[in-house]
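Engineer: Build the 3D model from these lines:
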Amino acid sequence: MTTATLPQPAPFTRDDYTARMRRVVRDAAGAGLSGVIVTPGPDLVWLTGYQPTAITERLTMLILSTDREPTLVVPALERPDAESAEGAGALSMIDWTDGSDPYPVAGDLLTSDGRFGISDSAWAMHVLGLQRTRPATSYQALSECMPMMRAVKDANELARLSLAAEAADATYGEIVQLRFAGRLETEVAADLARLLRQFGHEQVDFTVVGSGPNGANPHHEAGERVIQAGDAVVLDFGGLRYGYGSDTTRTVVVGEPSAEVQEVHDIVRTAQQAGFEAVRPGVPCQQIDRVAREVITKAGYGEQFIHRTGHGIGVTTHEPPYMVEGEERLLEPGMCFSIEPGIYLAGRFGVRIEDIVTVTESAGRRLNNTDHRIRVVE
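Structural biologist: This is a model prediction of the structure:
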């Protein structure tokens, strides 16, 4: 089985990275910021295509501001790798050598009394180093001041997310053909990881296999429990393909489901469908959570739905926007996120159904398309 139904995505170009950096500078100004400081991690990859081979204590920073061209500060020994990144031609580069103080180098690129958004993952030692060099500057986490920076995907990003979802669907199509009864959760998890790679994932991020009572833990790590006849088994798996994430969940049953498992699964399936049908531009993110949660609450299981309904996805498998009460930002075409309601009965079993969805000009479109009906496995 292959996943060749969708064309391979085109490489990102210098123009793509230039447009992203310009948009971030514009949005930063609109947020009242002097600029944005990006350290190694998903934001740097998204903005430049550069991912250091190792995240070390050496300072690497991309500085974006309205008063100068984009500039990447890098250790001299890592400059050749940085210069080979796809977006390197869209920025200037300044290096520093071991034994020297890199913070004045970076500090010279900052407005002396500016307010900057900075990557959530920036090391404290680097923030403190900048403050020591530029004591009048201030910093705010990008997740607070510019949380939607990567939220709206362009056509090429959507193509990559679609390919990742297609590979996850193919993985599900294969895993349900294998035997579950009498095997360890870890063995099924290994099969999921193998299949994700077989269908094109370069990175596997998680393979949740929650059988029986373990399924009542939404983030259960696959363990040494032997899967038994009659078990409901939550399968939640994903990773990166072409640099963009997949994440899907289905709940299968070993043998015919009990009446209770079937009932709970039907409720979750109805809730997931309600959340999907609520997707359209202009709807607050929290509304997706509300409509899915209402179905489960009315069925009497509100206290057993213990997490938000969804999360954004892109160059990471969890990112803004979040489908959760209190998130009033409006959905826009190009946003991509999960819809994954669940019911978790402690000590007994759990059920979750999850698809990745994108917002179109008028509604929502599923990127995952495997059957939502309960699947019986051996």
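
Engineer: rest of the way, CA atoms for contacts and neighbours
Structural biologist: Fine.

Engineer: tally of neighbours for P147?
Structural biologist: 13 (other CA atoms under 10 Å).

Engineer: which residues does it contact?
Structural biologist: P320, P321 (CA atoms under 8 Å, 6 or more residues apart in numbering).

Engineer: do the same with the one 3 residues further on
Structural biologist: Contacts for R150 (CA under 8 Å, 6+ apart) come out as G314, P320.

Engineer: Next one, pLDDT for it please.
Structural biologist: Here, the pLDDT recorded for R150 equals 96.

Engineer: how close does it sit to E78?
Structural biologist: 26 Å (CA to CA, to the nearest Å).

Engineer: again with R58
Structural biologist: Where E78 is concerned, R58 sits at a distance of 10 Å (CA to CA).

Engineer: Break down the stretch 251-378 of the chain into its strands, ranges please.
Structural biologist: 310-312, 319-323, 336-339, 342-345, 349-352, 355-359, 364-366, 375-377 (DSSP state E, counting those that start in this stretch).

Engineer: any idea which of those strands is most buried?
Structural biologist: Counting by mean count of other CA atoms under 10 Å, strand 336-339 has the highest mean neighbour count of the strands of the stretch 251-378 of the chain, with a mean of 29.

Engineer: which strands and helices sit next to that one?
Structural biologist: In terms of contacts (3 or more CA pairs under 8 Å, 6 or more residues apart in numbering; DSSP states H and E), strand 336-339 is packed against helix 259-277, strand 310-312, strand 319-323, strand 355-359.

Engineer: Kindly recompute the last result at 7 Å.
Structural biologist: Judged by 3 or more CA pairs under 7 Å, 6 or more residues apart in numbering; DSSP states H and E, the packing partners of strand 336-339 are strand 310-312, strand 355-359.

Engineer: center of the chain, which residue is that?
Structural biologist: Nearest to the geometric centre of the chain sits T317, at 2.1 Å (CA atoms, centre = their mean).

Engineer: May I have the residues that are in contact with the closest residue to T48 other than its chain neighbours?
Structural biologist: Distance criterion CA to CA, 6 or more residues apart in numbering; nearest residue to T48, sequence neighbours excluded, is G87 at 4.4 Å. Residues counted as contacts of G87 (CA atoms under 7 Å, 6 or more residues apart in numbering) are R14, Y17, T48, G49.

Engineer: If you tally nearby residues, what's the number for the nearest residue to the residue nearest to the centre of the chain once chain neighbours are set aside?
Structural biologist: The shortest distance from T317 to any non-neighbouring residue, by CA to CA, 6+ apart, is to G245 (5.1 Å). Neighbour count of G245, defined by other CA under 10 Å: 28.

Engineer: Cool, thanks, talk later.
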